[in-house]
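*Asks:* Predicted model follows, preceded by the sequence.
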Amino acid sequence: MLTNAELDGYLSFAQRLADAAGAAILPHFRTRLAIENKLADGFDPVTEADRAAERAMRGLIREHHPGHGILGEEEGFEAGTSPLTWVLDPIDGTRAFMTGAPLWGTLIALSDENGPLLGILDQPYMRERFTGARRVSHFQSPHASHPLQSRHNITLKDAVLSSTHPELFRGETERVAFTNLTRQVRMTRYGGDCYAYGLLAMGYLDLVVETGLKPFDIQALIPIVEGAGGRVTNWRGGPAHLGGQVIASGCPKLHDLALTVLASGASV
């Protein structure tokens, strides 16, 4: 168990990682950079900005915390001697990045065997940073600095739902379950990637529903949402830090209602 002072120190270091990633990424944003595809049977883009940002963060971790493990989207897992692991997604939302939309972000989590202890969502182009630790989350930008608070006391029929893209729900049961949920909420928005979770923590969205996530897609976002008063689980209501089918909500009551709708599509 980390002390508050230790966790504060790690959160400060995580902010250094975010600064380093942003410095590596921004020279590439809205430029004609080369894009590679990591999938033979689909499209999973990666750019030099992704790789440069992860290299920068890994370098700092190896220098200052050489015993810590590292899990990153681009370079995979590097075991450490400590029970702590840094979980990195240098650019979550590469499709948004490559099309010039500032809805991507750098995700940084510090985790142990039970899940994330702290998380950062950094959007360096807009200079917005969301942090979460110890059930408290915070927003920082050039225009504002304040604790985050999600929206509570929302019924399903009044909720605003977000998901990256409807085509992510490829199985029939998943697709039907998600469609049923969209029919019961007020409005559904697509294309938010990680930034949608920040908007949820700010109270502008009420639900985010995804599938096929990896640990580095979600771990940093869990402390941010939970610190704002929200909840993040898999579609069966269990821990979400390993990825897969994930639902985030602004309040526990709404979360339970949405889980009931999604239950028919939840994987074992």
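*Replies:* All right, it came through fine. Numbers count the residues shown, from 1 in each chain.

*Asks:* which stretches of the stretch 151-268 of the chain form strands?
*Replies:* 160-163, 187-190, 207-213, 231-234, 244-249 (DSSP state E, counting those that start in this stretch).

*Asks:* now the angle between strand 244-249 and the third one, please.
*Replies:* Spelled out, that is strand 207-213. Going by axes from the mean of the first three to the mean of the last three Cα atoms, to 10 degrees, strand 207-213 is angled at 170 degrees with respect to strand 244-249.

*Asks:* Pull the residues that contact strand 207-213.
*Replies:* Strand 207-213 has contacts (Cβ atoms under 8 Å, 6 or more residues apart in numbering) with 159-164, 168-170, 174, 178, 181, 185, 192, 196-197, 200, 217-218, 243-250, 254, 258, 262. Bear in mind the C-beta positions are built from the backbone N, C-alpha and C, glycine included.

*Asks:* need the contact list for the residue lying closest to residue 82 once chain neighbours are set aside.
*Replies:* Closest residue to residue 82 apart from its sequence neighbours, by Cβ to Cβ, 6 or more residues apart in numbering: residue 67 at 4.3 Å. Contact partners of residue 67, counting by Cβ under 8 Å, 6+ apart, are 80, 81, 82.

*Asks:* tally of neighbours for residue 162?
*Replies:* 24 (other Cβ atoms under 10 Å).

*Asks:* quick one: it and residue 56, what's the gap?
*Replies:* Distance, residue 162 to residue 56, using Cβ to Cβ, to the nearest Å: 30 Å.

*Asks:* To what extent is residue 138 buried, counted in neighbours?
*Replies:* 18.

*Asks:* Buried residues of the helix or strand harbouring it, list them for me.
*Replies:* Using DSSP states H and E, residue 138 falls within strand 136-140. Using 16 or more other Cβ atoms under 10 Å as the test for burial, strand 136-140 gives 137, 138, 139.

*Asks:* between the contacts of residue 67, which is closest to residue 3?
*Replies:* residue 82 (15.3 Å; Cβ to Cβ).

*Asks:* Do I have it right that that closest one meets residue 68?
*Replies:* Yes: Residue 82 lies in contact with residue 68 (Cβ atoms under 8 Å); the separation is 5.0 Å.

*Asks:* who has more neighbours, the two?
*Replies:* residue 68 (19 against 12).

*Asks:* Next, the more buried one: phi, psi?
*Replies:* The phi and psi values for residue 68, taken as degrees, to the nearest 10, are phi -80, psi 150.

*Asks:* what do you get for residue 214?
*Replies:* Per degrees, to the nearest 10, the backbone of residue 214 is at phi -100, psi 160.

*Asks:* how close does the residue nearest to it when sequence neighbours are not counted get to residue 115?
*Replies:* Using Cβ to Cβ, 6+ apart and skipping residues adjacent in sequence, the residue nearest residue 214 is residue 243, 4.8 Å away. Residue 243 sits 11 Å away from residue 115, going by Cβ to Cβ.

*Asks:* again, but for residue 92
*Replies:* 18 Å.

*Asks:* who has more neighbours, these two?
*Replies:* Per other Cβ under 10 Å, whichever of residue 92 and residue 115 has more neighbours is residue 92, with 27 against 18.

*Asks:* Walk me through the domains of this structure.
*Replies:* Here the domain assignment for the chain is 4-134, 156-263, based on automatic domain parsing.

*Asks:* The residue lying closest to residue 141 once chain neighbours are set aside: neighbouring residues, count only.
*Replies:* Spatial nearest neighbour of residue 141, excluding adjacent residues (Cβ to Cβ, 6+ apart): residue 128 at 4.5 Å. Residue 128 is flanked by 19 other residues according to other Cβ under 10 Å.

*Asks:* now residue 128, which residues is it bridged with?
*Replies:* Residue 128 has the following beta-bridge partners by DSSP bridges: residue 123.
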